[in-house]
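Asks: Show me how the following folds:
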Amino acid sequence: MTTTTLAVLVPLLPFLGAAAGLFLGRTAPGFVRPLAVLPTLASLALAALVAARQGGDTAVDAATELTPTGSVPIELALHIDGFAALVAVVVGFVATCVQIYSTGYLRDDPRYPSYAALVSLFTSAMFLVVYSGDLIVLLVGWEVMGICSYFLVGHYWETPEARAASLKAFLVTKLGDVPFLIGLFALATDAGSFRITKVLGAVASGSLDHPTLIALLLLAGVAGKSAQFPLHTWLPDAMAGPTPVSALIHAATMVAAGVYFIARLLPVFEASQAAMVVLAVMAAVTMAGSALAALAQDDIKRVLAYSTIGQLGYMTGALAVGDRGAAVFHLLSHGAFKALLFLAAGVIIHAAGTNSLAAMSRMRNLRDRVPDAYWTMTVALLALAAIPPFSGFFSKEAVLGVAEHVVTGHTEHAPAAAGWIVLVSGLLTALLTAAYAMRLWLLAFRGRGTEAPDHGKEPLTMTVVLWVLAVPSLALGGFAFRVLPDWFDGRALGPTLTTSVLGTGVALVGGIVTYGAWRHTTAFAARVPLGAVAAHPEGDAAQVEAEAIATHEPAYGDIAYAPDPSDPGRLLLGPLHRHAAAGFHLDAVYTALFVRPVQAGASLVRFLDREVVETYVRGAGALPRWLGTAVRRAQTGNVQTYVSALLAGTVVLAVAAVLVATGA
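Replies: Numbers count the residues shown, from 1 in each chain. Alright, predicted model coming up:
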């Protein structure tokens, strides 16, 4: 079987599994789980075989014209280079782990058949994005992922949070997709084709007439899909969906698509120095802002969501300094440890017996309750904090290393300003990342919250997946940075001395300072009865908490207030904590700038429609009705009345005639 045939089967098998799962979900429920797991597992095996055959050598290209479209044809094309081959393997690996994990996590969910089918369709769409050699076909997978995320985030549609989150995810990503679509058409018009190879050839020959405009339009779509500033606000709210969905979206699909798209078309962006600086600024704001927000969140899944936004910022930062190898290296590494983080969080939530109890301030004695999650999440958090020798250290150092090369003038692929922006923001984010990773570990496994009832041991399918994902989280980086250059552009991805020392140093400082702050706040909080920190529905939570602690009396009952007094994030952020916890009020800004004007316009249109247009419509209908009523009343059926009216009319006409004649 040829490599092209195998590559076609990779996205096709999950698609067929999704269709069969939906069809048999009600009639033969026993087939649902095999149809969810086996096609995805088969796609993983085929993707690995395609990668082995491709081997980082010349790209595999194949195309057939899909339909005649005039001067710019649309083709069903494959373009599989080393980047595509390895990303497809990661997509298949994470998706398989998620499907296996979900058989235990959602074992009692009545809507599991539709959920599993949507996950398979989601996976198929991402495979299509990865392997596609035509931008329009890529756009199909891009948009299918958008609608799948809408349904999966809203899986628990009975809750208003899930309904609102699914709508928000759909609308915010569509806000970026509109300029993205315009940018694709503009790019194809300048290049004369939607084929990626021809587009890159046009860039190399200098045939793009509007590179800056095209790059900025495409960046809008990437910002929406990959949750980059300022279109990142949908991702933390998307945590209302099932935890395995969060793992899939954050680790291998959806948000990774935007980064992968820029990596595929990086020469298009490099053709515009302005676009590269904009990309660097977007990455810097995303990295630092999301890390500060993560340090203030109480929901464990929202911490991980902001963490994903920040790690994607590292990837876009690497792209901003012109190195797609470092970006995709971090994408591969991040896919493993972020999937592990979310699935371990799912075990913690599962142990609490509900999807909603994810507040770290309410967690207690979880180290002994969920030992598998404890040890594997520890590995993943060390990888996230970029502590050597875990995988995140090597991939993050690759990003910082290429930024250093730009700053020192060793490469001319990006402006020096972009290098400085990425390097400084990357080091600051490394400090904050280690801080919120340490905070999560302390609050989740050594917290002072209320102990939840024991809901029994987690299914084996959940715990086994955690240990499977722990292996690449620990060992992938040290192996990959030596092998990946042969698959990518040949540039070295190994850590450099300067950035390794700086990056690891600031990470250790962040972790140690957070631990010290936790010890300080824990010692203080230990002297206060837990009931003294009370729930308060309104007002300044910090002030209420301080007053409650000072008086040692519950201000509003005996329910513990969610922000634990031993939370080091409150001490570290100080007055910034309230703003960081609210995502720096960006949703409020969007509400003021967009939501309220749209609602006001809709109210005006509704008023004009009801009070003006309908008034004319009602009047146009009322006048004939009144005339008809008058005529109907004249039709009495009495002959004498008709004769009298006839004679009266005759007399009137006669008098009128006489008057006219006399006047003449």
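
Asks: Excluding chain neighbours, give the residue nearest to residue 407 in space.
Replies: Among residues not flanking residue 407 along the chain, residue 419 sits closest, at 4.2 Å (C-beta to C-beta, 6 or more residues apart in numbering). Every C-beta, even on glycine, is put in place using the N, C-alpha and C of the backbone.

Asks: Check residue 504 too.
Replies: Computed as C-beta to C-beta, 6+ apart, the closest residue to residue 504 that is not its neighbour in sequence is residue 388, at 6.4 Å.

Asks: burial of that neighbour, as a residue count?
Replies: Around residue 388 there are 17 other residues, counting by other C-beta atoms under 10 Å.

Asks: going forward can the numbers begin at 41, since that is how I track them
Replies: From this message on, residue numbering opens at 41, which makes the last subject residue 428.

Asks: if I read this right, the residue nearest to residue 447 contacts residue 441, doesn't it?
Replies: No. Counting by C-beta atoms under 8 Å, residue 459 does not reach residue 441; the two are 11.0 Å apart.

Asks: quick one: pLDDT of residue 568?
Replies: Note on residue 568: pLDDT of 54.

Asks: nope, residue 440 is what I was after
Replies: 95.

Asks: Run through the residues that contact it.
Replies: 463, 466-467, 470, 536, 539, 542-543 (C-beta atoms under 8 Å, 6 or more residues apart in numbering).

Asks: Those: which two are farthest apart?
Replies: The largest separation in the contacts of residue 440, counting by C-beta to C-beta, is between 470 and 536 at 14.4 Å.

Asks: What are the boundaries of the helices in the stretch 241-390 of the chain?
Replies: Using DSSP state H, counting those that start in this stretch, the helices of the stretch 241-390 of the chain run over 251-265, 274-277, 283-291, 295-304, 306-310, 313-334, 340-360, 364-392.

Asks: As JSON lines, these with mean pLDDT would be great.
Replies: Output for the helices of the stretch 241-390 of the chain, formatted as JSON lines (pLDDT from 0 to 100):
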{"stretch": "helix 251-265", "mean pLDDT": "95"}
{"stretch": "helix 274-277", "mean pLDDT": "93"}
{"stretch": "helix 283-291", "mean pLDDT": "92"}
{"stretch": "helix 295-304", "mean pLDDT": "95"}
{"stretch": "helix 306-310", "mean pLDDT": "94"}
{"stretch": "helix 313-334", "mean pLDDT": "95"}
{"stretch": "helix 340-360", "mean pLDDT": "95"}
{"stretch": "helix 364-392", "mean pLDDT": "91"}
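
Asks: who wins for proximity to residue 613 among those helices?
Replies: Between residue 613 and the helices of the stretch 241-390 of the chain, the shortest gap by C-beta to C-beta is with helix 313-334, which sits at 7.2 Å.

Asks: That closest one - contacts with which helices or strands?
Replies: Using 3 or more C-beta pairs under 8 Å, 6 or more residues apart in numbering; DSSP states H and E, the elements in contact with helix 313-334 are helix 251-265, helix 306-310, helix 340-360, helix 456-486, helix 617-621.

Asks: which stretches of this structure aren't confidently modelled?
Replies: 107, 109-110, 392-397, 450, 489-496, 564-606, 704 (pLDDT under 70).

Asks: same thing but at 50, please
Replies: Counting by pLDDT under 50, the chain has low-confidence residues at 396-397, 570-603.

Asks: any idea which residue sits dead centre in it?
Replies: The residue lying closest to the centre of the chain (C-alpha atoms, centre = their mean) is residue 275, at 4.4 Å.

Asks: one step back: between residue 470 and residue 536, point out the one with more neighbours.
Replies: Higher neighbour count among residue 470 and residue 536: residue 470, with 29 against 17, using other C-beta under 10 Å.

Asks: so the more buried one touches residue 439, yeah?
Replies: No. Assessed by C-beta under 8 Å, residue 470 is found out of contact with residue 439, at 10.1 Å.

Asks: Could you tell me which residues touch both of the two?
Replies: By C-beta under 8 Å, 6+ apart, residue 470 and residue 439 have no common neighbours.

Asks: Quick one: residues contacting the residue nearest to residue 447.
Replies: Counted by C-beta under 8 Å, 6+ apart, residue 459 has contacts 320, 361, 443-447.

Asks: between the residues you listed, which is nearest residue 241?
Replies: Each of those was checked against residue 241 using C-beta to C-beta; the closest is residue 361, at 24.0 Å.

Asks: Would you enumerate the residues in contact with the closest one?
Replies: Neighbouring residues of residue 361 by C-beta under 8 Å, 6+ apart: 316, 320, 442-443, 445-446, 451, 453-454, 458-459, 462.

Asks: List only those of these flagged as buried.
Replies: Neighbour counting by 16 or more other C-beta atoms under 10 Å classes 316, 320, 442-443, 445-446, 451, 453-454, 458-459, 462 among those as buried.

Asks: Dump those into CSV; add distance to residue 77 as well.
Replies: Putting those into CSV (distance: C-beta to C-beta, whole Å) gives the following:
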residue, distance to residue 77
316, 42
320, 41
442, 38
443, 41
445, 43
446, 44
451, 44
453, 42
454, 43
458, 43
459, 45
462, 40
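
Asks: Turn the helices of the stretch 241-390 of the chain into CSV, including distance to residue 65.
Replies: Formatted as CSV, those follow (distance: least, C-beta to C-beta, whole Å):
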stretch, distance to residue 65
helix 251-265, 29
helix 274-277, 28
helix 283-291, 18
helix 295-304, 27
helix 306-310, 42
helix 313-334, 37
helix 340-360, 27
helix 364-392, 23
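
Asks: List just the one of those helices that sits closest to residue 618.
Replies: Per C-beta to C-beta, nearest to residue 618 of the helices of the stretch 241-390 of the chain: helix 313-334, 11.6 Å.

Asks: Return that closest one as CSV; C-alpha atoms alone will do.
Replies: What follows is helix 313-334, C-alpha atoms only, in CSV (Å, rounded to 0.1, in the frame of the first residue of the first chain):
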residue,chain,number,x,y,z
GLN,A,313,8.6,42.4,9.0
ALA,A,314,5.6,44.3,10.4
ALA,A,315,3.7,41.0,10.7
MET,A,316,6.5,39.3,12.5
VAL,A,317,6.7,42.1,15.1
VAL,A,318,2.9,42.0,15.5
LEU,A,319,3.2,38.2,16.0
ALA,A,320,5.9,38.8,18.6
VAL,A,321,3.9,41.3,20.6
MET,A,322,0.8,39.1,20.4
ALA,A,323,2.9,36.2,21.8
ALA,A,324,4.5,38.3,24.6
VAL,A,325,1.2,39.7,25.8
THR,A,326,-0.4,36.3,25.7
MET,A,327,2.5,34.6,27.6
ALA,A,328,2.8,37.1,30.4
GLY,A,329,-0.9,37.9,30.8
SER,A,330,-2.1,34.3,30.8
ALA,A,331,0.6,33.3,33.4
LEU,A,332,-0.6,36.1,35.7
ALA,A,333,-4.2,35.0,35.3
ALA,A,334,-3.3,31.4,35.9
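
Asks: so which of the contacts of residue 361 would you say is closest to residue 504?
Replies: Using C-beta to C-beta, residue 442 comes nearest to residue 504 of the contacts of residue 361, at 36.7 Å.
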